[in-house]
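**Q** Quick check, what structure comes out for this input:
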Amino acid sequence: MKVNKITVFRLMLSVIVAIGFASCSKKSSSKGASRATGWNVDSKKVQAAKKQEAGPGLVFVEGGTFTMGRVQDDVMHDWNNTPTQQHVQSFYMDETEVTNFMYLEYLDWVKNVFSPTDENYKDVYNGVVPDTLVWRNRLGYNETMTNNYLRHPAYAEYPVVGVNWIQAVDFAKWRTDRVNEGILEKNGYLKKNSKTEDVTADNSFSTEAYLMSPSTARGGSEEIVLQKSKGRTVKSKDGNTSEAKGVYAQRSSGIIMPEYRLPTEAEWEYAAAADVGQREYNIYKGQKKYPWSGEYTRSGKRQNRGDQLANFKQGNGDYGGIAGWSDDGADITNAVKSYPANDFGLYDMAGNVAEWVADVYRPIIDNEANDFNYFRGNLYTKNKIGPDGKIELVTKENMKYDTLSNGKIIARNLPGEIAQVPVDEQETYLRQNFDKSNNINYRDGDRQSSRYYNFGFSESDNEKEIDKMYNSPKHNVTTDSLGNMVRKYDKSSKRTTLINDQIRVYKGGSWRDRAYWLDPAQRRYFPQDMATDYIGFRCAMSRVGPKSDKRKTPRN
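**A** Numbers count the residues shown, from 1 in each chain. Have a look, this model is predicted:
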């Protein structure tokens, strides 16, 4: 049989091309080669994918979709929790509320570093101390809790109370820095034991400051802030070898934790409902009443049938049940982990204490604007750049303090941190996703987002703010020429609401609440600068990387 020469040539050409493609493919997939350029890359410089470890005290909460808001009866007629479908990304959350012992560790650190006897920092420590007077009652004897609840070892594992929202946020910032400081020391980037032995107000550690400028962190001390060579050597032109120049830890090192923070309202509600343990369709649609399964507050399991599953007020004058029988084990708060965890492994997501979340309160949840990681309260800032073009760090000379409406003085920032300023046109020009620094009022019913409401007051009252939807009392604290504090209470009869930009959401029932408030979808609000004996908090941390660690079977 005769074979056409052209056909043979075409066959040979296709074989050569196939071999060439195979060779290229083999080279591009070879060890140490870049998949972007095909160039050889130093495999020691390529960071292998790392799994994010849970920070101290945290458990993993795998994200997903859920129905946010109540779908059952609303006897209070608040109309502030209309059901909306939301999706929450995976995150980590404290296994329990922050306890007195945990908060005392914070107080001890602040007192040692920013001594109240130092004139420069006299208000720092007092600003973080909880308000123990929240236990007092005009017609009740509670002095035992006033004097002992925070510091007595019998209450060490009880949730901290008397902490306002601002203090809770500051605790989370402090916790972030202490955890990362410990990680860097453990990995050889900070001098051993420096986190406890060498700390002063002038060289305290800040995670963000370290990441932006490691050489200036911890007061710029080269004896404390170390560089690591990671054992690499380099060869000079004359053939001699020497240890490679050291490096600081970076985000790309994969060892620095994201920040601890308060959970958003959506995260808290999703974690409390814990639909992950349910498979019924009605549960998926948001009909779960408590963090546990069922419609009752008592256990139905044989081994502990009838036991209360949470710490709450069971009726008028009934904060725990009859002694020795039908008892929930507590009259005020109770030690954490005293009741079963929910299906995410989180304790006390109903009862014990209600908990602060990050959101500014508004009666509406606007899922038409966003149904992914919903949060109201974004205040976008950026690092402040000094006249010399360098990042400006906070020092004792430029520290800022805030005087709260009740007269309490709280430090806004601490030495060693990066000074922050609002974002401006440099960041917002021609953007579609945000156009200003303060986004609290976005689409919340005010003049900028809906109809201009007028409640019948004339402009001759010189109070144009009366015409706004959210027109709360404005209490003011100032100082006179002698430095004395002057408190001005707003007694205006023209105020129409208690809601403003300093009102924060708190979630969950407490030891003072009836079972109605144990529903994860319930939501209430309280001023961010005030504290109570029934609101505590727990921290959260964002998940970086994959949604979960479960391996998915790839599709063919």
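**Q** State the pLDDT value of residue 243.
**A** Residue 243 is assigned 52 on the pLDDT scale.
**Q** for the lengthiest strand in the chain, which positions count as buried?
**A** Ranked by residue count, the top strand of the chain under DSSP state E comes out as strand 354-360. By neighbour count with 16 or more other C-beta atoms under 10 Å, strand 354-360 contains the buried residues 354-360. Yep, even glycine has a C-beta here, placed from its N, CA and C like the rest.
**Q** Stretch 141-150 now?
**A** Residues of stretch 141-150 classed as buried: 145-146, 149-150 (neighbour count, 16+ other C-beta under 10 Å).
**Q** and what of stretch 424-436?
**A** residue 436.
**Q** Find the residue at the geometric middle of this protein.
**A** residue 261 (2.0 Å; C-alpha atoms, centre = their mean).
**Q** That residue contacts residue 540, correct?
**A** Yes - the pair residue 261 / residue 540 is scored as a contact, 6.0 Å apart, by C-beta atoms under 8 Å.
**Q** And the helices in the stretch 1-150 of the chain?
**A** Along the stretch 1-150 of the chain, counting by DSSP state H, counting those that start in this stretch, helices occupy 5-28, 100-113, 122-128, 143-148.
**Q** how distant is stretch 50-65 from the center of its chain?
**A** Stretch 50-65 has its C-alpha centroid displaced from the chain centroid by 13 Å (C-alpha atoms, centre = their mean, to the nearest Å).
**Q** Kindly report the same for stretch 100-112.
**A** Centre-to-centre, stretch 100-112 and its host chain are 19 Å apart (C-alpha atoms, centre = their mean).
**Q** now swap in stretch 396-410 and tell me
**A** With C-alpha atoms, centre = their mean as the basis, stretch 396-410 stands 22 Å off its chain's centre.
**Q** ok, and what's touching stretch 246-257?
**A** Contact with stretch 246-257 is made by 47, 50, 55, 176, 179-180, 183-184, 187, 189, 207, 210-211, 214-215, 225-230, 541, as judged by C-beta atoms under 8 Å, 6 or more residues apart in numbering.
**Q** repeat that with 7 Å
**A** Outside stretch 246-257, the residues within contact range by C-beta atoms under 7 Å, 6 or more residues apart in numbering are 47, 50, 55, 179-180, 183-184, 187, 189, 207, 211, 214, 227-229, 541.
**Q** for stretch 310-323, same thing?
**A** The contact list for stretch 310-323 (C-beta under 7 Å, 6+ apart) reads 297, 327-331, 334, 339, 350-352, 509, 511-515, 518.
**Q** Now intersect those with the helices, please.
**A** Among the contacts of stretch 310-323, no residue falls in helices (DSSP state H).
**Q** So how do I select the buried members of these in ChimeraX?
**A** In ChimeraX syntax, the buried subset of the contacts of stretch 310-323 is picked out as below (16+ other C-beta under 10 Å):
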select :297,328,330,334,339,350,351,352,509,511,512,513,515,518
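**Q** Pull up the pairing partners for the longest strand of the chain, direction included.
**A** strand 503-507 (antiparallel), strand 535-536 (parallel) (DSSP bridges).
**Q** Using a markdown table, lay out those together with mean neighbour count, distance to residue 124 and mean pLDDT.
**A** As requested, the strands paired with strand 354-360 are arranged in a markdown table below (neighbours: other C-beta atoms under 10 Å; distance: least, C-beta to C-beta, whole Å; pLDDT from 0 to 100):
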| stretch | mean neighbour count | distance to residue 124 | mean pLDDT |
| --- | --- | --- | --- |
| strand 503-507 | 24 | 23 | 97 |
| strand 535-536 | 30 | 22 | 98 |
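**Q** In TSV: the ones you listed, plus distance to residue 437.
**A** Shown next, in TSV, are those (distance: least, C-beta to C-beta, whole Å):
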stretch	distance to residue 437
strand 503-507	19
strand 535-536	28
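**Q** Worst mean pLDDT among the helices of the stretch 1-150 of the chain?
**A** For the helices of the stretch 1-150 of the chain, mean pLDDT drops lowest on helix 5-28, to a mean of 54.
**Q** Quickly find the element holding residue 407.
**A** Under the criterion DSSP states H and E, no helix or strand holds residue 407.
**Q** Return the distance of it relative to residue 125.
**A** Note on residue 407: its distance to residue 125, by C-beta to C-beta, to the nearest Å, is 17 Å.
**Q** More neighbours: which of the two?
**A** Higher neighbour count among residue 407 and residue 125: residue 125, with 19 against 12, using other C-beta atoms under 10 Å.
**Q** can you count the residues close to the nearest residue to residue 501 once chain neighbours are set aside?
**A** Closest residue to residue 501 apart from its sequence neighbours, by C-beta to C-beta, 6 or more residues apart in numbering: residue 440 at 4.9 Å. Residues lying near residue 440 (other C-beta under 10 Å) number 15.
**Q** Quick check: residue 440 touching residue 360?
**A** Yes - when contacts are counted by C-beta atoms under 7 Å, residue 440 is listed as touching residue 360 (5.1 Å).
**Q** hmm, who's touching the helix or strand that contains residue 524?
**A** Taking DSSP H and E as the definition, residue 524 sits inside strand 523-527. With contact meaning C-beta under 7 Å, 6+ apart, strand 523-527 is reached by 80-81, 265, 361, 502-507, 535.
**Q** Columns distance to residue 154 on top of those, output as JSON lines?
**A** Listed next are the contacts of strand 523-527 as JSON lines, based on distance: C-beta to C-beta, whole Å:
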{"residue": "80", "distance to residue 154": "38"}
{"residue": "81", "distance to residue 154": "37"}
{"residue": "265", "distance to residue 154": "33"}
{"residue": "361", "distance to residue 154": "35"}
{"residue": "502", "distance to residue 154": "35"}
{"residue": "503", "distance to residue 154": "34"}
{"residue": "504", "distance to residue 154": "30"}
{"residue": "505", "distance to residue 154": "32"}
{"residue": "506", "distance to residue 154": "26"}
{"residue": "507", "distance to residue 154": "28"}
{"residue": "535", "distance to residue 154": "22"}
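**Q** Quick check: of the residues you listed, which lies closest to residue 529?
**A** Checking these against residue 529 by C-beta to C-beta gives residue 502 as the nearest, at 6.7 Å.
**Q** contacting residues around the nearest residue to that closest one once chain neighbours are set aside?
**A** Spatial nearest neighbour of residue 502, excluding adjacent residues (C-beta to C-beta, 6+ apart): residue 528 at 5.0 Å. Neighbouring residues of residue 528 by C-beta under 7 Å, 6+ apart: 164-166, 502-504.
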